[in-house]
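Enquirer: Need a 3D model of the sequence below.
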Amino acid sequence: MSNLILESNTTTSIEQLQSKTKPIKLTASEMDKEPEKWEFYELYNGEPFEMPYSKPEHAKIVAKLSYLINHWIINQGGYGTTYSGEGGLRLSELNRYSYDVAWNYELVGEGKIPEKSMSLMVEVISESNDVEKMLQKIQNYILYGAVEVWIILVHAQQMQVYYSDFSAKLYSKDATYVPGDWMKGFSLKVADLFI
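Expert: Numbering: from 1, shown residues only. Modelled structure (predicted):
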């Protein structure tokens, strides 16, 4: 059993961190001091949450969406930069997340984890995702600057789009989604994500 020393000089095991009875509180700065221990954890209001490995269908959807956005940028006069592969955001001392795909109007500074959301944040959701944590993540993405958040629902083969006013709309597999002027010229056939 590995132990962690927290600022309060208490010793806490990884197993205790996962206990539902008394969640431990941490900051992103504390996690940064021991990156090897916290590499696979997100931080939700100061509570660390271990992220499971992605399943193949998750990885396929991430790759397809990244390709479709990059194809628009390279071949159709699009603009901006696409990020994927479990990139990270440090939105505050109490909220640190990894994301599946993001797109931004402009290049994000190299060498430092961004402290605000990209213009587009995307999460691919399967049945194992914690709904409460995902809703908190969506809210924070928008509060920290996302224009839209796309939630790809793997098993339902649908896409839920959350807008900057916190409204949302569900798109079926047969729909084509057009984001509008903020991502002018891009459109997405939802079915293309599930081929």
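Enquirer: From now on I want contacts and neighbour counts done on CA atoms only, so please keep to that.
Expert: Noted.
Enquirer: Could you pull out the helices in this structure for me?
Expert: For the chain, the helices defined by DSSP state H occupy 14-17, 28-33, 35-38, 56-75, 131-143.
Enquirer: And the longest one, what does it pack against?
Expert: Judged by 3 or more C-alpha pairs under 8 Å, 6 or more residues apart in numbering; DSSP states H and E, the packing partners of helix 56-75 are strand 81-90, strand 96-104, strand 120-125.
Enquirer: will you turn the ones you listed into CSV that also has distance to Met31?
Expert: Compiled in CSV, the helices and strands packed on helix 56-75 are given as follows (distance: least, C-alpha to C-alpha, whole Å):
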stretch, distance to Met31
strand 81-90, 11
strand 96-104, 10
strand 120-125, 23
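Enquirer: between those strands, which gets nearest to Tyr41?
Expert: When these are compared by C-alpha to C-alpha, strand 96-104 sits nearest Tyr41, at 8.1 Å.
Enquirer: and Glu47, how many neighbours?
Expert: Residues near Glu47, counting by other C-alpha atoms under 10 Å, number 19.
Enquirer: thinking again about what came up before, the helices and strands packed on helix 56-75: lowest mean pLDDT?
Expert: Comparing mean pLDDT across those, the weakest is strand 81-90, with a mean of 88.
Enquirer: just to revisit the earlier point, can you check which of the helices of the chain gets nearest to Leu193?
Expert: helix 56-75 (5.6 Å).
Enquirer: That'll do, ta.
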